[in-house]
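K.L.:
below is the sequence, then the predicted model.
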Amino acid sequence: MTSAVPWVEDMNRSLEAVDPDICDIIEREKQRQRNSLCLIASENFTSQAVLDALGSVMSNKYSEGYPGARYYGGNEFIDAAETLCQKRALDLFKLDPDMWGVNVQPLSGSPANFHVYTALLKPHDRILGLDLPHGGHLSHGYQTPTKKISAVSTYFETFGYQCNLDTGTIDYDSMATLADRIRPDLLVAGASAYARHYDYARMREVADSSGSILLSDMAHISGLVAAGIGPSPFEHSDVVTTTTHKTLRGPRGAMIFYRKGVRHAGKKGKPDKMYDFQEKIDFAVFPGCQGGPHNHTITALATALKQAALPAFTEYQQQVVANSQAMAEGLKKRGYTLVSGGTDNHLVLIDVKGSKGVDGARAEAVMERAGISLNKNTIPTDTSALVPSGLRVGAPSLTSRGFKTGDFDTVAEFLHRGVSLTVDIKKKMGKAGGKIASFKAGLGEYKAETDALKADVAAFCQEFPVLGYDASTMKYPE
């Protein structure tokens with residue numbers, strides 16, 4: 001028998017043995033996740049099964065190309081995992097494989113959208129999406145009068161439709177007028193901070209009238225769509241993109257669904273016009289924009305899609321919406337104004353400045369110190385994204401931990417305490433906290449106040465289970 005090879009022995013040692021510093025950081029992150037209220041609408045806790053697949057040997061393989069057509073050898077089981085992932089994706093959303101295809105290789109949502117643009121558009125073609133301050137997303141394009149913020153706006157001409165300032169909901173009539181004037185090549189139905197359902201049928205009408213491709217970005221709501229909650233974008237869209245780690249509760253990745261088959265029926269004896277998106281989108285993903293896919297993520301996504309097809313997942317999504325609405329009601333009864341007046345989905349957008357006279361950036365900073373993670377967010381009347389008027393809060397993560405509607409009323413009370421503390425600290429700081437940087441720098445003087453709220457938050461959160469690991473093994477449980 002040959003003698004032991006040093007590096008082979010090292011390769012089979014545990015993380016704790018090899019890198020205690022990183023191991024300790026992970027343990028601290030477990031503690032943070034257990035003891036804090038995660039209200040970031042774009043986050044979720046995935047399952048132990050998904051984490052097992054994500055940290056598997058599937059990470060070792062390089063596999064440029066697609067199943068059955070790889071640049072490298074040795075992809076028999078990689079092909080099997082990716083093919084199964086594609087099948088489960090189509091099955092979950094009840095899509096006919098003769099009418100729809102799916103690419104599961106995009107690394108995240110913004111690249112997935114960019115893949116579609118580069119596949120179906122020419123440089124400087126026009127894109128019309130929801131304006132960022134009105135709830136849109138950077139990957140749909142955004143620019144100020146002096147700077148193109150998103151790379152999408154650098155390579156394409158981007159325009160924004162908006163919400164009605166009185167109702168906080170999308171103004172479809174104004175959108176149709178704008179689309180008729182600018183004639184976008186691609187129209188985007190999708191948002192990052194919009195608490196209402198999209199009218200996909202109306203979006204289709206606008207797209208047809210302006211001669212646009214309709215791309216629906218369901219990144220935030222894909223779990224709800226999978227569970228049959230609210231309208232589905234598939235009936236009316238040409239392309240549907242989504243991330244996989246938000247309401248879908250999978251690993252951090254993305255998917256692009258594209259139409260196949262007849263696009264327009266032929267007239268006067270002419271042949272039907274067919275969709276040609278599959279070849280274009282697949283080519284844009286690889287080799288156009290990416291190299292080898294992340295096979296461990298695709299494998300873990302296949303597992304997440306299997307779990308999303310179970311009845312328990314539908315029950316979970318129903319609870320997400322119920323919890324989001326309970327949080328909305330809890331905030332309203334505590335005197336908060338909500339953009340659009342409430343919610344139909346997993347998130348709530350709070351006009352905290354209009355309600356309590358303090359901006360979202362300061363409230364976010366205070367609550368971060370108190371164990372409440374959320375994000376500052378623009379509302380439709382805002383002009384500054386750095387010091388906006390709003391807070392965006394979501395229900396998916398805490399619902400995954402077992403929170404119910406009554407618990408979300410308690411969450412609303414914690415939010416109210418956090419905002420009230422922010423108002424009090426801002427008043428005490430006076431001119432010294434006039435700028436957001438100086439306000440954040442001065443928060444150390446109010447550690448006792450934020451720590452008191454943090455202790456109450458932690459005690460409440462510890463009543464609920466953790467996900468993906470055994471709480472009894474935590475190095476820092478309290």
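P.N.:
That came through fine. Residues are numbered from 1 along each chain as shown.

K.L.:
ranges for the helices of the stretch 201-350 of the chain?
P.N.:
Per DSSP state H, counting those that start in this stretch, the stretch 201-350 of the chain carries helices over the ranges 222-226, 277-283, 295-308, 311-332.

K.L.:
what lies in contact with the last one?
P.N.:
It refers to helix 311-332. When contacts are defined by CB atoms under 8 Å, 6 or more residues apart in numbering, helix 311-332 is touched by residues 195, 223-224, 226-229, 247, 249, 307, 338, 342-348, 350, 393-396, 398-400, 403-409, 411-413, 415-416. For the C-beta atoms, the positions are set from N, CA and C on the backbone; glycine is no exception.

K.L.:
returning to that earlier point: quick one: closest of the helices of the stretch 201-350 of the chain to Val358.
P.N.:
helix 311-332 (14.6 Å; CB to CB).

K.L.:
strands along the stretch 301-450 of the chain, start to end?
P.N.:
337-338, 347-351, 372-373, 375-377, 390-394 (DSSP state E, counting those that start in this stretch).

K.L.:
out of those, deepest packed?
P.N.:
Ranked by mean neighbour count, those are led by strand 390-394 with a mean of 29 (mean count of other CB atoms under 10 Å).

K.L.:
give me the sheet partners of that strand and which way each runs.
P.N.:
Its sheet considered, strand 390-394 pairs with strand 347-351 (antiparallel), strand 375-377 (antiparallel) by DSSP bridges.

K.L.:
save those as TSV, and put in distance to Leu128 and mean pLDDT too.
P.N.:
TSV is the format used below for these (distance: least, CB to CB, whole Å; pLDDT from 0 to 100):
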stretch	distance to Leu128	mean pLDDT
strand 347-351	22	98
strand 375-377	22	97
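
K.L.:
can you lay out those strands as a markdown table showing distance to Glu445?
P.N.:
Listed next are those as a markdown table, based on distance: least, CB to CB, whole Å:
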| stretch | distance to Glu445 |
| --- | --- |
| strand 347-351 | 26 |
| strand 375-377 | 22 |
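
K.L.:
quick one, which of those strands is nearest to Ile425?
P.N.:
Nearest to Ile425, of all those, is strand 375-377, at 15.9 Å by CB to CB.

K.L.:
Leu95 and Leu54, how far apart?
P.N.:
25 Å (CB to CB, to the nearest Å).

K.L.:
whoops, I mixed them up, Ala201
P.N.:
Shown here: Ala201 relative to Leu54, a distance of 37 Å by CB to CB.

K.L.:
which of these two has more neighbours?
P.N.:
Leu54 (22 against 10; other CB atoms under 10 Å).

K.L.:
nearest spatial neighbour of that one, skipping sequence neighbours?
P.N.:
With CB to CB, 6 or more residues apart in numbering as the criterion, Leu54 has its nearest non-adjacent residue at 4.1 Å, and that residue is Ala300.

K.L.:
quick check, that neighbour in contact with Pro251.
P.N.:
Yes. When contacts are counted by CB atoms under 8 Å, Ala300 is listed as touching Pro251 (4.1 Å).

K.L.:
tell me, what's touching these two both at once?
P.N.:
46, 50, 53-54.

K.L.:
with these in mind, which one is nearest to Lys454?
P.N.:
Nearest member of the shared contacts of Ala300 and Pro251 to Lys454, counting by CB to CB, is Thr46, at 25.4 Å.

K.L.:
which of Ala300 and Pro251 has more residues huddled nearby?
P.N.:
The neighbour comparison of Ala300 against Pro251 (other CB under 10 Å) goes to Ala300, with 29 against 23.

K.L.:
which ones are touching that one?
P.N.:
Per CB under 8 Å, 6+ apart, neighbours of Ala300: 46, 50-51, 53-54, 250-251.

K.L.:
and stretch 372-390, how far out from the chain's middle?
P.N.:
Relative to the centre of its chain, stretch 372-390 is centred 17 Å away, using CA atoms, centre = their mean, to the nearest Å.

K.L.:
and the contacts of that stretch?
P.N.:
36-40, 132-135, 162-163, 165, 168, 193, 339, 349-354, 359-361, 363-364, 367, 391-393, 414-415, 418, 436, 457.

K.L.:
thinking Leu248 is in contact with Gly223, fair?
P.N.:
Yes. The pair Leu248 / Gly223 is scored as a contact, 4.5 Å apart, by CB under 8 Å.

K.L.:
higher neighbour count, the two?
P.N.:
Leu248 (32 against 26).

K.L.:
where does the closest residue in space to Arg417 that isn't next to it in sequence land in three-state SS?
P.N.:
Closest residue to Arg417 apart from its sequence neighbours, by CB to CB, 6+ apart: Leu453 at 5.8 Å. The three-state assignment at Leu453 reads helix, by DSSP: H, G, I helix; E, B strand; the rest coil.

K.L.:
give me every residue that touches Leu453.
P.N.:
When contacts are taken as CB under 8 Å, 6+ apart, Leu453 is in contact with 370-371, 414, 417-418, 421.

K.L.:
buried only: go through those residues for me.
P.N.:
370-371, 414, 417-418, 421 (16 or more other CB atoms under 10 Å).

K.L.:
could you redo the helices of the stretch 201-350 of the chain as CSV and give each row distance to Lys268 and mean pLDDT?
P.N.:
Formatted as CSV, the helices of the stretch 201-350 of the chain follow (distance: least, CB to CB, whole Å; pLDDT from 0 to 100):
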stretch, distance to Lys268, mean pLDDT
helix 222-226, 38, 98
helix 277-283, 25, 98
helix 295-308, 43, 98
helix 311-332, 47, 98
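
K.L.:
determine which of those helices approaches Asp470 most closely.
P.N.:
Comparing the helices of the stretch 201-350 of the chain under CB to CB, the one sitting nearest is helix 295-308, at 19.2 Å.

K.L.:
relative orientation of that closest one and helix 311-332 in degrees?
P.N.:
In terms of direction (axes from the mean of the first three to the mean of the last three CA atoms, to 10 degrees), helix 295-308 departs from helix 311-332 by 90 degrees.

K.L.:
follow-up on the earlier one: what's the closest of the shared contacts of Ala300 and Pro251 to Leu467?
P.N.:
Ranked by distance to Leu467 (CB to CB), the shared contacts of Ala300 and Pro251 are led by Thr46 at 7.5 Å.

K.L.:
show me what contacts Tyr336?
P.N.:
350-352, 355-356, 416.

K.L.:
where's it relative to Thr473, distance?
P.N.:
Tyr336 sits 39 Å away from Thr473, taking CB to CB as the criterion.

K.L.:
same check on Asn60?
P.N.:
Counting by CB to CB - Asn60 and Thr473 are separated by 26 Å.

K.L.:
what's the neighbour count on Lys87?
P.N.:
Every residue meeting other CB under 10 Å relative to Lys87 is counted, giving 14.
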